[in-house]
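Enquirer: Predicted model and sequence follow; I will ask about them next.
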Amino acid sequence: MKLLQRYILGELVRVFLLLVIVLTLMLVFVGVFREATERGLGPVQILQILPYVVPSMLPFTVPATLLLSVCVVYGRISGDLEVIAAKSAGISALQLLIPAFLLGLVLAGGSFGLINYAIPWGVSNIDRIVTQAMEEIFFDVLRTQHYISYPKGGYTITVRDVKNRTLLDPTIRYRKNHQQYTLRAEAAQLRFDMENKEIIVHLKNVSGGGAQSDFSGEMKYVTHRFPLEVDLRTAVSRNLTMDTLKKGIEQAEIDQERLVAEKNIEATMLMFTGEFQQLGSDELSTLDRATAMARKDELRYRAEIHNRFSMSASCWFFAFLGGPFAMLQARRQFITSFILCFLPILVMYYPVMFLMINLCKTGTLEPWWAMWVPNLVIGGIGLLVLRKVVQH
């Protein structure tokens, strides 16, 4: 019995590794092309981000690849009447399916590790490469043209030269409160703050002139912040680690309590002073919006945590359905079995999963059970198919 199960497990692993490599490479090239198009990366940056795109693709390719591998192996052994031979020898079909269930369990744990650790690691490294690329482009323009302009940000920078990433004799013109200002300095250094989407400029020996500057006279050091025009990707919950999500939930709860307390204090003060018309003021409305935003973040983080467990466990549920279904079909044409099995999953599983995510993010459903609904549906169907396989 152990020899037969090792044989099936070996076939599953061999087919799975081959398929996951091929499918992941295809999706990696798609992902790299999308990143390069959205962020305007060059060939060097594309090669640099290539290793970091793979982890973000694997959690999506592993469940479908496992299902295809199960359909290939069990469809072949069933089509070759090996299942009938095993059952005639008194071996239950359930015993033959144990390797698929075991592989699904291992891949579920691996998929959770990829989602929780590999994806945030890959995304952070991609952002780091993009940041370096943007900085290099920025300095190259100033080094060659001695001038750069960002009309949307409302500022221009003119320099005499750039030496070791330091701007020499920079002149910065920018708009503030619908007025034009000018800053001149002996030297300046730039830093890109991707989190806040800003360029931080540290100027040395700054001089300005009256109405043309928002300060008078000379100053030793001045720091200015200018907005970045590039549409950088904001940190989404899928790219955060589990610890970060938990800390985000705690912070959102604290913010909600604080904002509610501030609103109550403000409303009480207005009623004590008899300023009832101010109860509908913009300040109270701002507190309400901030509270709603903190509540939205809390729900989003909670939904993401449970979605990670559910999405990782889908590997096992896919194997639980695919193995018995391939045995029941008893066809060597594994593509037919895979399509017949995967189409209902594609039509039912993923739409229901996205629906549950949206309902959990709005607070309509509790994520601890709602995120498991798609897997339970797959498990219920797999149980019915397994019963037929074991009985007949």
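Expert: Perfect, I can see it now.
Enquirer: Please give me every residue in contact with residue 367.
Expert: With contact taken as C-beta atoms under 8 Å, 6 or more residues apart in numbering, residue 367 is in contact with 302-303, 305-307, 356, 360. No exception for glycine: its C-beta is placed from N, CA and C like everyone else's.
Enquirer: Residue 259 belongs to a helix?
Expert: Yes - under DSSP: H, G, I helix; E, B strand; the rest coil, residue 259 falls within a helix.
Enquirer: what about it, how many neighbours?
Expert: Other residues near residue 259 number 20, with proximity taken as other C-beta atoms under 10 Å.
Enquirer: For the helix or strand hosting residue 24, buried residues please.
Expert: Counting by DSSP states H and E, the element that carries residue 24 is helix 2-39. Buried residues in helix 2-39, counting neighbours by 16 or more other C-beta atoms under 10 Å, are found at 4-5, 8-9, 11-12, 15-16, 19-20, 23-24, 27-28, 31-32, 35, 39.
Enquirer: And the contacts of whichever strand in the chain runs longest?
Expert: Using DSSP state E to assign secondary structure, the strand with the most residues in the chain is strand 179-193. Counting by C-beta under 8 Å, 6+ apart, strand 179-193 makes contact with 131, 134-135, 138-139, 165-175, 198-209, 212-214, 222, 224-225, 228, all of which sit outside it.
Enquirer: Strand partners (parallel or antiparallel) of it?
Expert: Partner strands for strand 179-193, per DSSP bridges, with pairing direction: strand 166-168 (antiparallel), strand 171-176 (antiparallel), strand 198-207 (antiparallel).
Enquirer: Can you lay out those strands as a markdown table showing distance to residue 312?
Expert: As requested, these are exported to a markdown table (distance: least, C-beta to C-beta, whole Å):
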| stretch | distance to residue 312 |
| --- | --- |
| strand 166-168 | 48 |
| strand 171-176 | 49 |
| strand 198-207 | 36 |
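Enquirer: would you turn these into a markdown table with distance to residue 315 and mean neighbour count?
Expert: Output for the strands paired with strand 179-193, formatted as a markdown table (distance: least, C-beta to C-beta, whole Å; neighbours: other C-beta atoms under 10 Å):
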| stretch | distance to residue 315 | mean neighbour count |
| --- | --- | --- |
| strand 166-168 | 52 | 19 |
| strand 171-176 | 53 | 16 |
| strand 198-207 | 41 | 18 |
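Enquirer: Could you check how far residue 290 is from residue 347?
Expert: For residue 290, the distance to residue 347 equals 40 Å [C-beta to C-beta, to the nearest Å].
Enquirer: Looking at these two, which is more packed in?
Expert: When residue 290 is set against residue 347 and neighbours are counted by other C-beta under 10 Å, the residue ahead is residue 290, at 16 against 10.
Enquirer: who does the strand or helix carrying that one touch, helix- and strand-wise?
Expert: For residue 290, the enclosing helix or strand under DSSP H and E is helix 282-329. Based on contacts counted as 3 or more C-beta pairs under 8 Å, 6 or more residues apart in numbering; DSSP states H and E, the elements that helix 282-329 packs against are helix 43-79, helix 93-113, helix 242-272, helix 334-344, helix 350-361, helix 367-370, helix 373-391.
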